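Trainee: got a structure for you, letters missing:
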């Protein structure tokens, strides 16, 4: 399957397991994770990245990302797990 089979070029979001997921959600998660994990990132940058990571988690879970991919970093893995536990 190719990306355009999941979301065609002209479509910016889709419904996955009852959750609206925007195109770019996985890429944004990866970018934010890099900032959050980078020790040279400032406090404000890390805070914004963490907020954006947490906000994206329902969509990432709806996509099933964490059913296939394991987060290697222990701190990030705990952030993902703690947010999932709070959600329910």
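Mentor: Received it, and whenever you're ready, just let me know what you need. It should be emphasised that the depicted structure is a prediction, and the values quoted were computed from it without experimental measurement. Numbering: from 1, shown residues only.
Trainee: contacts only, for the nearest residue to residue 16 once chain neighbours are set aside.
Mentor: The spatially closest residue to residue 16, leaving aside those adjacent along the chain, is residue 62, at 4.6 Å (C-beta to C-beta, 6 or more residues apart in numbering). (Each C-beta comes from the backbone N, C-alpha and C, glycine too.) Residue 62 is in contact with 16-19, 21, counting by C-beta atoms under 8 Å, 6 or more residues apart in numbering.
Trainee: what about 10 Å?
Mentor: Contacts here follow C-beta atoms under 10 Å, 6 or more residues apart in numbering; on that basis residue 62 touches 15-21, 25.
Trainee: which of these are buried, as a ChimeraX select command?
Mentor: For the buried members of those, the matching ChimeraX selection, counting by 16 or more other C-beta atoms under 10 Å, is:
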select :16,21,25
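Trainee: among the contacts of residue 62, name the ones in strands.
Mentor: 15-16, 19-21 (DSSP state E).
Trainee: top helix in this protein by residue count?
Mentor: Ranked by residue count and defined by DSSP state H, the top helix of the chain is helix 43-63.
Trainee: show me how far that helix is from its chain's centre.
Mentor: 6 Å (C-alpha atoms, centre = their mean, to the nearest Å).
Trainee: quick check: buried residues in the helix or strand following it?
Mentor: Sequence order places helix 65-68 as the next helix or strand after helix 43-63, per DSSP states H and E. Going by neighbour count (16+ other C-beta under 10 Å), the buried part of helix 65-68 is residue 65.
Trainee: packing partners of the following helix or strand past helix 65-68?
Mentor: With elements assigned by DSSP H and E, the helix or strand that comes after helix 65-68 is helix 74-87. Counting contacts by 3 or more C-beta pairs under 10 Å, 6 or more residues apart in numbering; DSSP states H and E, helix 74-87 packs against helix 25-37, helix 43-63, helix 65-68.
Trainee: residues contacting the closest residue in space to residue 57 that isn't next to it in sequence?
Mentor: Closest residue in space to residue 57, ignoring its immediate chain neighbours: residue 83 at 4.9 Å, by C-beta to C-beta, 6+ apart. By C-beta under 10 Å, 6+ apart, residue 83 lies in contact with 50, 53-58, 60-61.
Trainee: fine by me, we can end here.
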